[in-house]
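Visitor: sequence? don't have it. structure:
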């Protein structure tokens, strides 16, 4: 079973709407891990990092994650500052590009990826998308994809991965004469239990859909 949970976040109001889809294959038995699953719960840290109130927590579908997955999303968000566009003067990457223009994408990967193999696979998958180039700095990017990897194990054997991700638009914030690099939240989500190359393919497919408005085409 592969489960993906996607949270759409409005850039202006940070209103979260959850979309949940479940794709089932036909395994007879699902491996069980030795650790007990703890369901995600709201806390003030969730609102600070993700902009989701206690009232909206269940509506957003965040209660469908494990606590570990939720914490991974929070950690990724805190690693890349986000800001309310109503409170600051922002200069952001374009909302749309000229026909045929290539999209510059920044990809960061953290978490359980000691050898860097998952990061290599994810970057290759994103780079293989039509009209996409990878860049190494937010200032050169039209969009950013930040991924946190968590290894799923059974005993000492790796059985899959969970990837929490956030897409965003790089911006420069100016307040009181000071400028700083910030980002506007785009889409938050989690892929659960995909194998290595499947994880990279799923993330690239998600990003390809997320880039459609930027390219001036409707999402499929």
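Guide: Noted; the coordinates are in hand. A quick note: this is a predicted structure, and the numbers were derived from the prediction, not measured. Numbering: from 1, shown residues only.
Visitor: My guess is residue 165 contacts residue 188. True?
Guide: Yes - counting by Cβ atoms under 8 Å, residue 188 is a contact partner of residue 165 at 7.2 Å. Bear in mind the C-beta positions are built from the backbone N, C-alpha and C, glycine included.
Visitor: Please name every helix or strand in contact with the longest strand along the chain.
Guide: Ranked by residue count under DSSP state E, the longest strand found in the chain is strand 157-175. Under the contact criterion of 3 or more Cβ pairs under 8 Å, 6 or more residues apart in numbering; DSSP states H and E, strand 157-175 touches helix 67-79, strand 89-92, strand 143-154, strand 178-192, helix 196-210.
Visitor: Among these, which one carries the weakest average confidence?
Guide: In terms of mean pLDDT, the lowest-scoring of the helices and strands packed on strand 157-175 is helix 67-79 (a mean of 73).
Visitor: Now do residue 201 against residue 116, distance only.
Guide: As judged by Cβ to Cβ, to the nearest Å, residue 201 and residue 116 stand 18 Å apart.
Visitor: Please say which of those two ends up with more neighbours.
Guide: Neighbour count, other Cβ atoms under 10 Å: between residue 201 and residue 116, residue 201 has more, with 16 against 10.
Visitor: isn't the more buried one right next to residue 125, touching?
Guide: Yes - contact criterion Cβ under 8 Å: residue 201 and residue 125 qualify, at 5.7 Å.
Visitor: The worst-scoring helix or strand of the chain on mean pLDDT: what's the following helix or strand?
Guide: Here the helix or strand of the chain ranked lowest by mean pLDDT, DSSP states H and E is strand 16-23, holding a mean of 33. Per DSSP states H and E, the first helix or strand lying C-terminal to strand 16-23 is helix 44-50.
Visitor: Quick one: distance of that following helix to the chain centre.
Guide: Offset of helix 44-50 from its chain centre (Cα atoms, centre = their mean, to the nearest Å): 16 Å.
Visitor: Which strands and helices lie in contact with the helix or strand following it?
Guide: Tracing the chain C-terminally past helix 44-50 and defining elements by DSSP H and E, one meets helix 54-59 next. Applying 3+ Cβ pairs under 8 Å, 6+ apart, one finds that helix 54-59 contacts strand 16-23.
Visitor: My read is that residue 110 contacts residue 163, right?
Guide: No - taking Cβ under 8 Å as the definition, residue 110 is not a contact partner of residue 163, at 10.6 Å.
Visitor: quick one: which of the two has more around it?
Guide: More crowded of residue 110 and residue 163, by other Cβ under 10 Å: residue 163, with 26 against 15.
Visitor: How about the contacts made by that one?
Guide: Neighbouring residues of residue 163 by Cβ atoms under 8 Å, 6 or more residues apart in numbering: 147, 148, 149, 150, 190, 191, 194, 199, 202, 203.
Visitor: Now do residue 161 against residue 192, distance only.
Guide: 9 Å.
Visitor: same deal with residue 104?
Guide: From residue 104 over to residue 192 the distance is 29 Å, taken as Cβ to Cβ.
Visitor: Show the pLDDT at residue 43.
Guide: Looking at residue 43, its pLDDT is 85.
Visitor: check contacts around it.
Guide: Residues in contact with residue 43 (Cβ under 8 Å, 6+ apart): none are found.
Visitor: Phi and psi next, for it.
Guide: Torsion angles at residue 43 (phi, psi; degrees, to the nearest 10) stand at phi -150, psi 160.
Visitor: sorry, back to before: for the longest strand of the chain, the distance to its chain's centre please.
Guide: For strand 157-175, the distance to the chain centre is 4 Å (Cα atoms, centre = their mean).
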